[in-house]
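Build me a model:
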Amino acid sequence: MLGSLTLLSIPLLASAAAIQGRHDDHDHAHNVARLLPGQWYHDNDHPSHALFKRATAGATDGVTYPTVGTPEWAGAYPDGPPDAKSMPAEWLAALNDAVARKAIPSIPIATNTGDDLPTYGGLDHHQIGRNFVRDLPPPLCSASFGCRIPTDIWDAPDGHIAISFDDGPLPPTADLVAFLDAQNPPQLVTHFMIGINIIQESAEFTRAFERGDDMAVHTWSHRLMTTLSNEEVVAELGWTMEAIHNSTGGRVPKFWRPPQGNTDRRVSAIAKEVFGMHTVIWNQDTRDWSMELTPAGTTMEKIASDMNEWIKGPKSPGLVILEHELSSDTVQAFKSAFPLMGQNGWITGSLAAVVGNDTAYLNAATSKSEVVGVQNIAEAKNLNNVPAGGDAASASVPASTAGGNAVSTK
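Numbers count the residues shown, from 1 in each chain. Down below sits the predicted model:
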């Protein structure tokens with residue numbers, strides 16, 4: 001299946017240039033982030049427990065999966081944008097159940113205007129979300145126009161910087177994790193991974209996971225999610241979750257970030273109702289990805305100036321800064337800013353740990369803690385008292401005060 005797979009190319013960056021500032025120009029009140037419940041599993045009757053087959057056996061959930069990086073492992077996944085007609089029946093059944101329960105809003109599928117902004121036919125910006133009523137989000141609530149769905153995450157708790165990186169794994173991931181390892185104590189982060197990139201850069205994926213970083217979802221092929229059918233959304237999310245699950249000893253990701261921040265009530269509901277995942281956006285954007293454009297959309301100096309302003313600014317709400325492990329330049333931009341975080345009194349941590357109350361997965365606390373496989377309802381009572389695990393605390397620590405081209409847009 002993998003024979004024809006090729007990495008998605010950097011020229012896709014150009015289409016993202018037009019979306020700069022679309023969150024910033026929207027007048028909205030900050031919603032101070034609230035920690036998600038510390039529970040790190042779903043009830044046994046939640047659909048997510050039935051979605052991931054355990055057909056192979058010896059990792060931490062007691063199952064032996066194909067070795068990461070081998071042809072057997074890679075061959076189990078789509079070789080491009082996933083075909084919604086070929087996804088596992090359990091995923092489709094979970095979607096159909098959510099639709100039947102009216103848990104998925106029946107709103108139009110968006111189309112791409114050509115500048116990577118969604119449009120919904122004749123609906124105006126008020127209906128889409130640009131001028132939404134704060135206390136009553138409209139039926140669509142498009143994050144592309146700054147509308148905040150109440151259940152989506154945009155802010156970190158006060159005083160915290162929730163660190164994450166999009167678009168990995170890629171070759172620059174090696175430099176990033178080496179820098180994180182060199183901190184005292186080592187800094188953990190969240191990686192919003194693209195499924196195709198996991199297959200292509202399996203060594204970098206494994207390196208990030210084995211150091212204890214949290215693995216999250218950035219879709220399989222980095223498409224504009226609101227322009228996809230319900231089934232296509234499920235396939236984009238599900239295959240990425242499946243790759244992470246089968247490559248981490250059975251962990252099921254708890255968080256995802258839509259490419260280019262493109263979600264609406266329908267898409268976020270599919271992620272939550274079908275897979276139990278929480279949608280994460282951001283409240284500050286470095287636009288670091290645009291350094292790769294010709295001409296460049298920003299510079300290292302501009303990013304440094306913005307970072308300095310944000311880090312020295314108010315600590316309410318906490319910061320969720322959009323950054324990428326896309327190139328040596330994007331990694332360097334983070335490395336330059338990181339010491340300022342501790343110097344200015346911020347608490348830094350992996351995004352999944354900071355906003356998820358030290359729980360990065362649906363069935364495990366961290367990338368190093370026990371994985372609980374819930375197979376029937378009777379097991380749920382045994383999970384209520386399971387501790388988060390010793391590694392969870394290290395995911396959020398004070399920042400140190402010491403000084404192949406894949407999908408490449410937000």
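
Can you give me the neighbour number for the closest residue to Trp346 other than its chain neighbours?
Using Cβ to Cβ, 6 or more residues apart in numbering and skipping residues adjacent in sequence, the residue nearest Trp346 is Ile161, 4.8 Å away. (C-beta placed from N, C-alpha, C; glycine too.) Ile161 has 26 neighbours, counted by other Cβ atoms under 10 Å.

Residue ranges in this protein under the pLDDT threshold?
Where the chain drops to pLDDT under 70, the residues are 1-59, 124-127, 129-138, 373-410.

any chance you could map the strands in it?
111-112, 118-119, 160-168, 190-193, 214-217, 255-256, 278-279, 284-285, 321-322, 347-350, 396-398 (DSSP state E).

Packed most tightly, which of these would that be?
Mean neighbours per residue, mean count of other Cβ atoms under 10 Å, is largest over these for strand 190-193, with a mean of 30.

Mind listing residues that contact it?
Strand 190-193 is contacted from outside by 162-169, 173, 205, 208, 213-218, 240, 244, 255-257, 280, 325, 350-353, 360, using Cβ atoms under 8 Å, 6 or more residues apart in numbering.

Dump it to PDB, keeping only the CA atoms.
Taking C-alpha atoms only, strand 190-193 is exported to PDB below (Å, rounded to 0.1, in the frame of the first residue of the first chain):
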ATOM      1  CA  THR A 190       3.300  18.000  22.600                       C
ATOM      2  CA  HIS A 191       3.700  17.100  18.900                       C
ATOM      3  CA  PHE A 192       0.700  17.400  16.700                       C
ATOM      4  CA  MET A 193       1.700  14.800  14.100                       C
END
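
Can you list the strands that it pairs with?
Note on strand 190-193: by DSSP bridges, its sheet partners are strand 160-168 (parallel), strand 214-217 (parallel).

now these in CSV, with distance to Gly276?
Formatted as CSV, these follow (distance: least, Cβ to Cβ, whole Å):
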stretch, distance to Gly276
strand 160-168, 19
strand 214-217, 12
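
which one of the ones you listed lies closest to Leu319?
Counting by Cβ to Cβ, Leu319 lies closest to strand 160-168 out of the strands paired with strand 190-193; the figure is 4.6 Å.

Centre of the chain to the closest one, how far?
Centroid separation for strand 160-168 versus its chain: 9 Å, with Cα atoms, centre = their mean, to the nearest Å.

same thing with stretch 93-102?
23 Å.

do stretch 106-125 as well
When distances are taken as Cα atoms, centre = their mean, stretch 106-125 is centred 23 Å away from the chain's centroid.

List the buried residues for it?
Ile107, Pro108, Ile109, Ala110, Asp116, Leu117, Pro118, Thr119, Tyr120, Leu123 (16 or more other Cβ atoms under 10 Å).

Show me where the chain has its helices.
13-16, 71-74, 89-100, 125-128, 173-181, 195-200, 202-210, 230-247, 265-275, 300-311, 328-343, 351-355, 380-383 (DSSP state H).

okay, the ones you listed, which one's buried deepest?
Mean neighbour count (mean count of other Cβ under 10 Å) peaks for helix 351-355 among the helices of the chain, with a mean of 30.

Would you format the strands of the chain as JSON lines with distance to Pro295 included?
Converted to JSON lines, these look like this (distance: least, Cβ to Cβ, whole Å):
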{"stretch": "strand 111-112", "distance to Pro295": "23"}
{"stretch": "strand 118-119", "distance to Pro295": "26"}
{"stretch": "strand 160-168", "distance to Pro295": "21"}
{"stretch": "strand 190-193", "distance to Pro295": "27"}
{"stretch": "strand 214-217", "distance to Pro295": "32"}
{"stretch": "strand 255-256", "distance to Pro295": "32"}
{"stretch": "strand 278-279", "distance to Pro295": "32"}
{"stretch": "strand 284-285", "distance to Pro295": "19"}
{"stretch": "strand 321-322", "distance to Pro295": "21"}
{"stretch": "strand 347-350", "distance to Pro295": "33"}
{"stretch": "strand 396-398", "distance to Pro295": "38"}
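
which stretch among the ones you listed comes nearest Thr67?
Closest approach to Thr67 among the strands of the chain is made by strand 214-217 (17.4 Å; Cβ to Cβ).

Contacts for the closest one, please.
164, 188-193, 205, 208-209, 237, 240-241, 244, 248, 251, 253-257, 277, 280, 350-353, 360-361, 366-367, 395.

what's the distance between the residue nearest to Trp346 and Phe334?
Distance of Ile161 to Phe334, given as Cβ to Cβ, to the nearest Å: 11 Å.

same question, Phe192
From Phe192 to Phe334 the distance is 14 Å (Cβ to Cβ).

next one: Thr240
From Thr240 to Phe334 the distance is 23 Å (Cβ to Cβ).
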